[in-house]
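S.K.: no sequence on this one, just coordinates:
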């Protein structure tokens, strides 16, 4: 059975660099793994602790995708030094339900900026650690100047970025094995 990695893009843009990076990860993933996409962050209602008992189809789908995945791979942009509200909202809904408890997580921050420092990545790591997710430094990647590393069809054209992304995927797969044992 293939190892299932759930890919979540923090961007809702139709031609998102973050989504393009995740599409490249799907192509670069080894044959014994499968990267599937969750595309429904915008369908999850605004978090309200008073409504945690209400069944929302989009939220239940999100939870099930996490539960049935061996790992999660998140690629998120940075908005005003933070993660996008839709991504944070989705995570807020699963804080108390524990779907990420012990789950191996890979985090990518793709930015058009020259600098590789990412406040959003640091924030996302902190949020996920609070949720007891398994995040290792080797399972994180910051890609600066991302637009210059993508071709016109969204494919990665920068060999160093391809190598770094391949290394991250392989590291995440090793973490899944560690977490399972």
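M.R.: That came through fine. The model shown is predicted, which means the values in this text are computed figures rather than measured ones.
S.K.: Show the contacting residues for the residue lying closest to residue 9 once chain neighbours are set aside.
M.R.: Leaving aside its chain neighbours, residue 9 sits nearest to residue 19 (4.3 Å; criterion: C-beta to C-beta, 6 or more residues apart in numbering). (Each C-beta comes from the backbone N, C-alpha and C, glycine too.) In this structure, residue 19 makes contact with 9, 11, 13, 75, 154, judged by C-beta atoms under 8 Å, 6 or more residues apart in numbering.
S.K.: From residue 140, how far out is residue 129?
M.R.: The gap separating residue 129 from residue 140 is 12 Å, by C-beta to C-beta, to the nearest Å.
S.K.: One more: residue 13?
M.R.: As judged by C-beta to C-beta, residue 13 and residue 140 stand 22 Å apart.
S.K.: same deal with residue 150?
M.R.: If you measure residue 150 against residue 140 using C-beta to C-beta, the figure is 20 Å.
S.K.: next one: residue 7
M.R.: 15 Å.
S.K.: State the number of residues packed around residue 61.
M.R.: Neighbourhood size, residue 61 [other C-beta atoms under 10 Å]: 14.
S.K.: Just the buried residues of the strand or helix carrying it, please?
M.R.: For residue 61, the host element (DSSP states H and E) is helix 57-67. Within helix 57-67, the residues that qualify as buried are 59, 62-63, 65-66, counting by 16 or more other C-beta atoms under 10 Å.
S.K.: cool, stretch 152-168 as well?
M.R.: Using 16+ other C-beta under 10 Å as the burial criterion, the residues of stretch 152-168 that qualify are 156, 158, 161-162, 164-165, 168.
S.K.: Determine which two of the residues you listed are furthest apart.
M.R.: Maximum pairwise distance in the buried residues of stretch 152-168, criterion C-beta to C-beta, is 14.4 Å, between 158 and 168.
S.K.: how distant is stretch 62-81 from the center of its chain?
M.R.: Distance of stretch 62-81 from the chain centroid (C-alpha atoms, centre = their mean, to the nearest Å) equals 4 Å.
S.K.: how long is that stretch end to end?
M.R.: End-to-end distance for stretch 62-81: 25 Å, by C-alpha to C-alpha, to the nearest Å.
S.K.: what residue lies at the spatial centre of this protein?
M.R.: residue 74 (0.7 Å; C-alpha atoms, centre = their mean).
S.K.: TSV for the buried residues of helix 57-67, including pLDDT and distance to residue 25?
M.R.: As requested, those are arranged in TSV below (pLDDT from 0 to 100; distance: C-beta to C-beta, whole Å):
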residue	pLDDT	distance to residue 25
59	96	25
62	97	19
63	96	22
65	97	16
66	98	17
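S.K.: quick one on the thing from earlier: which one's more surrounded, residue 13 and residue 140?
M.R.: More crowded of residue 13 and residue 140, by other C-beta under 10 Å: residue 140, with 20 against 10.
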